[in-house]
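Colleague: okay, here's the prediction I keep looking at, along with the sequence it came from:
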Amino acid sequence: MKISMFHLMPHRELPADFESKYHSVWVDPPFWELAEPNRVGQYYNWTLDELVHAAKAGMDGICVNEHHQNAYGFMPSPNLMGSALARATNGLDVALVQMGATLPTTIPPIRVAEEYAMLDCISGGRLVAGMPLGTAMDADLCYGMELLNAVSGWKYKDFVDNQFVIAGSPASVRDQLMQAVKKLRVGNLMVLLHIGSMPHELTLKNIDLFAREVQPHFRKVWDEEGWDNRWWPAPIKSAGPRASTADNSGEARSTR
């Protein structure tokens, strides 16, 4: 089992009256009212810090994605983030999971291959090259391109009841996640350990709790089946399970 931390890089400080005052967090929130450059710069740097922390805490991979013009996730160029992460995690056996630059919205599409090749070289061959389609909100309304339109009427409770969202104490998350992993036969798992307005320090605590009290229980879940993970980068595929320690400052450090 390979477990990666996934990050959306959302707006972390939306006003308390946002839901009543604005139409949506996606596409049309007025950036001139909500996005102050210095604060947004802090969000980007917190995101990088949190993903590097996850790498040092023992995650198998760190994952970024692409979204445009919204408060749900505003990382329009995941490869820029990926380049910083590739350099910051050199020396760690952690995969760089790019989920990722979208082919239909990139002109010319070969640009994605070129940038992925750069990331693979910078990281020492640790790239997992994601090829997402993208969403209608990103492509249709932000880029003027027609791709796919899908609307879900589900509420938060529906996602929780159907185990599309798993949240709670470490023990509760561990039990629910194990059920989902075995039911869906998951071999590569991406976990969202920061969401919405979660503060930076709480995110670091959440990462450490997951790495210490949840992740170890999933390491050998499929070992008896002899499953070969063909999707994991060759340079780190044969490395043993990752664990975390802390230096004198309390900062997480990865070991094997």
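Modeller: Everything's here; your move.
Colleague: quick check: buried residues in stretch 161-176?
Modeller: With burial defined by 16 or more other C-beta atoms under 10 Å, the residues of stretch 161-176 counted as buried are 166, 173-174, 176. In this view, the C-beta of every residue, glycine as well, is placed from N, C-alpha and C.
Colleague: in the chain, where is pLDDT below threshold?
Modeller: In the predicted model, the chain carries pLDDT under 70 at residues 133-153, 238-256.
Colleague: can you show me the strands along it?
Modeller: Ranges of strands within the chain are 2-7, 61-65, 95-99, 127-129, 188-192, 243-246, 252-255, based on DSSP state E.
Colleague: any chance of JSON lines for those, columns distance to residue 214 and mean neighbour count?
Modeller: Formatted as JSON lines, these follow (distance: least, C-beta to C-beta, whole Å; neighbours: other C-beta atoms under 10 Å):
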{"stretch": "strand 2-7", "distance to residue 214": "9", "mean neighbour count": "24"}
{"stretch": "strand 61-65", "distance to residue 214": "16", "mean neighbour count": "26"}
{"stretch": "strand 95-99", "distance to residue 214": "19", "mean neighbour count": "26"}
{"stretch": "strand 127-129", "distance to residue 214": "21", "mean neighbour count": "21"}
{"stretch": "strand 188-192", "distance to residue 214": "8", "mean neighbour count": "17"}
{"stretch": "strand 243-246", "distance to residue 214": "13", "mean neighbour count": "15"}
{"stretch": "strand 252-255", "distance to residue 214": "15", "mean neighbour count": "16"}
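Colleague: adding distance to residue 17, write the buried residues of stretch 161-176 out as TSV.
Modeller: Shown next, in TSV, are the buried residues of stretch 161-176 (distance: C-beta to C-beta, whole Å):
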residue	distance to residue 17
166	30
173	31
174	37
176	33
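Colleague: nearest to residue 53 among these?
Modeller: residue 173 (18.6 Å; C-beta to C-beta).
Colleague: can you tell me how far the closest one is from residue 104?
Modeller: Computed with C-beta to C-beta, to the nearest Å, the distance linking residue 173 and residue 104 is 35 Å.
Colleague: buried residues, the lengthiest helix in the chain. List them.
Modeller: Longest helix in the chain, counting residues (DSSP state H): helix 37-57. Within helix 37-57, the residues that count as buried by 16+ other C-beta under 10 Å are 40, 43, 46-48, 50-57.
Colleague: report all helices and strands that it contacts.
Modeller: Helices and strands touching helix 37-57, by 3 or more C-beta pairs under 8 Å, 6 or more residues apart in numbering; DSSP states H and E, are strand 2-7, strand 61-65, helix 78-88, helix 200-213, strand 252-255.
Colleague: buried set for the fourth one?
Modeller: Within helix 200-213, the residues that qualify as buried by neighbour count (16+ other C-beta under 10 Å) are 200, 203-204, 206-211.
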